[in-house]
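Asker: Using only what follows, build the 3D model:
(2 chains)
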Protein chains: 2
Amino acid sequence: MRGRSVPAVLERARELAAPALEAALERLSPEVRPLARYHFGFDDAHGNPAGRPDGKGVRPALSVLSAEAVGGEATSGVPGAVAVELVHNFSLIHDDVIDNDKERRHRPTVWAIWGVGRAIIAGDALLALAQEVLLEAAADDDAEGQGRTGAAARCLAEATGAMIAGQALDMAFESLPAVDVASCLSMEAGKTGALLGAAACLGAVLAGAPVETTNALRRFGVELGLAFQAIDDLLGIWGDPGQTGKAIGNDIRQHKKTLPISAALAAGGRGAEELAALLSSDDLTETEVVRAAQLVESCGGRAMASEEASSRLSLALAALESVPLGDRPRAELVDVANFIVARQF
Amino acid sequence: MRGRSVPAVLERARELAAPALEAALERLSPEVRPLARYHFGFDDAHGNPAGRPDGKGVRPALSVLSAEAVGGEATSGVPGAVAVELVHNFSLIHDDVIDNDKERRHRPTVWAIWGVGRAIIAGDALLALAQEVLLEAAADDDAEGQGRTGAAARCLAEATGAMIAGQALDMAFESLPAVDVASCLSMEAGKTGALLGAAACLGAVLAGAPVETTNALRRFGVELGLAFQAIDDLLGIWGDPGQTGKAIGNDIRQHKKTLPISAALAAGGRGAEELAALLSSDDLTETEVVRAAQLVESCGGRAMASEEASSRLSLALAALESVPLGDRPRAELVDVANFIVARQF
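Answerer: Just a heads-up that it's a prediction; the model follows:
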């Protein structure tokens, strides 16, 4: 019973969430608002309308669908959708500063235009706003609603903390020669899984679903996040630069310890040794990057990450099957999950 | 009925809050925790115990006293005390990056030791942790407690948003030749008033006080914050570098538009013109800094900021008188307020 194709589901969630997101951004101070609107793609760097926001909108769609999946109105998931988008984009703005990335989605990053100081403040403002939006979702005189928004805010704060811990670990890995696959997965569960887990349950928490249901939805989101990240890791080496907006072999150059790289280094043997030697160099030539990518593949890193994406997707779908959910929203959650993992690389 | 001298009140609150703060920091990931423990003064840069945390501990004391003032236990204010300390110190760590300050309290700043990227992440982690600490203060099965923690978290999120907006405005002012006094006060109400307002009411919110009472306590904190900032502005020009840990005339050098500077520039006349000309220079000599400070004083900026501190203190104390509060905690709140405003400069 699949009523809508995947892009239509994402589009429907975007149409619900985008006005609420824009309304939330209006609450930012005039010094911060233009940076935020630019980053989200609402405006260009001069404050002129820039068409439509960037991004696939997977996180807000998950929040809206999770409200519907437990019998709630789509609108009850909207504060969760806005809050996860704000947290996700706070982390992108700060990540670009930390990684010294001058471009994102084929546009200059916030710090590249307005400087590091203002980019830090803009990210901070989005994080504070995310909690405000969630905590104000219930009316002051609605004690039950207050309890739900409090639970939702707690879920978001915990996921945000886990995401930041994952980012800190990711940074620490860059200066290590190798990390084992388990450590890599643990880092990715924080960096990517935690916030997708929150996205996939916030709508249900706000709609008042029982805790077994919201926990299952969170597990769905966390596993989906790991599948998503495995694909991202593949794209970080073999992705089409025209699609990813990043240079080919970007993760190899940046000494990232992603899943395929960690798995290849852990495989041992001559190939892994040659790869380790290549990755220890600070400034790789184009030829060396291509060679490193070949070695990651011949050491089994590419196959391992592909298998990881598939098995995490299966675990995500199993979590969805473990609790009673509405047929149509469940089918749409499955569609979104398949869509994410089917990205080309 | 003043049972304790002011340092004793601050010491008592510190003894309650410091173990809870340390316990909260234990929840940070191993990549972030050492930076946070160093910043708070628990450890040195190598992770060895460094004695006792720095800072006067005014914010945590206000939270604990506000719980007692409404008849609650001191301990019920502790999650608020920890949360405001985390938010305050998140902002200090990021501010030091933004202002390029290499020292704070006579020690190297976090970014000066661990770099900008890790300092950004450490600040982010403290902000996320602040919300977690507050939202977890109530037991899962205590609906009324959940409502209180939700209200407290909302109060904190709004204050954090206002603080960040004030910081953004403060940064924007640095590149303006002058700002009027009203704009300066509005900036300071955000930058300093908002979080002190939250500190002064969070304990009462957590203890379940009625909204008129918590609003009056917040007003007390906001006005106290403005008095505090007026004193800080005086210290930023005439403070003893040995006490403040900053170079003499620091705010003049950094083109800060603080209260005495804004008031002096707004006074008009030859002195204000000479001051404006001096402040337009990028690199002031020692003699020019001294001359600028003299001009701020002769144009009335020093007297204005002193009067502002006094009148804000009066407004703060009037807010305390406007609602029924316990005698002993009320007297201690008054003592803390007088102590803050009586700082030497």
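Asker: If we go by neighbour counts, what in stretch A:185-200 is buried?
Answerer: Burial within stretch A:185-200, assessed by neighbour count using 16 or more other C-beta atoms under 10 Å in any protein chain shown, is assigned to A:185-200. Every residue, glycine included, has its C-beta placed from N, CA and C.
Asker: again but with stretch A:322-342, I slipped
Answerer: Buried, per 16+ other C-beta under 10 Å, within stretch A:322-342: A:323, A:325, A:329-337, A:339-341.
Asker: try stretch A:246-263
Answerer: Those would be A:246, A:248-253, A:255-263, for stretch A:246-263 by 16+ other C-beta under 10 Å.
Asker: pLDDT below threshold where in chain A?
Answerer: Chain A contains residues with pLDDT under 70 at A:1-6, A:52, A:54, A:244-245, A:344-345.
Asker: mind redoing it with 80?
Answerer: A:1-7, A:51-55, A:139-141, A:241-248, A:343-345 (pLDDT under 80).
Asker: Strands of that one, residue ranges please.
Answerer: A:103-104, A:107-108 (DSSP state E).
Asker: ok, residues contacting the first one?
Answerer: It stands for strand A:103-104. Contacts to strand A:103-104, defined as C-beta atoms under 8 Å, 6 or more residues apart in numbering or on different chains, come from residues A:L92, A:D96, A:T109, A:A112, A:G245.
Asker: Excluding sequence neighbours, find me the nearest residue to the residue in the stretch 101-250 of chain A positioned nearest to chain B.
Answerer: Across the stretch 101-250 of chain A, the shortest distance to chain B (C-beta to the nearest C-beta) belongs to A:G150, at 3.2 Å. Distance criterion C-beta to C-beta, 6 or more residues apart in numbering or on different chains; nearest residue to A:G150, sequence neighbours excluded, is B:G150 at 3.2 Å.
Asker: right, and the one you found touches A:A137 too?
Answerer: No. Look at B:G150 against A:A137 with C-beta atoms under 8 Å: they stay out of range, at 10.2 Å.
Asker: So for those two, which residues contact both of them?
Answerer: Counting by C-beta under 8 Å, 6+ apart, the residues touching both B:G150 and A:A137 are A:T149.
Asker: who has more neighbours, those two?
Answerer: B:G150 (28 against 21; other C-beta atoms under 10 Å in any protein chain shown).
Asker: A:D96 is in contact with A:A119, isn't it?
Answerer: Yes. Between A:D96 and A:A119 there is a contact under C-beta under 8 Å: 7.3 Å.
Asker: picking that back up, which residues sit in contact with the residue nearest to A:G150?
Answerer: B:G150 neighbours (C-beta under 8 Å, 6+ apart): A:L135, A:Q146, A:G147, A:T149, A:G150, A:A153, B:L135.
Asker: Highest neighbour count among these?
Answerer: A:A153 (31 neighbours).
Asker: for that one, what are its contacts?
Answerer: A:Q131, A:L134, A:L135, B:Q131, B:L135, B:G150, B:A153.
Asker: can you pull the contacts of the third one?
Answerer: Remark: with contacts taken as C-beta under 8 Å, 6+ apart, A:L135 is in contact with A:T149, A:G150, A:A153, B:G150, B:A153, B:R154, B:A157.
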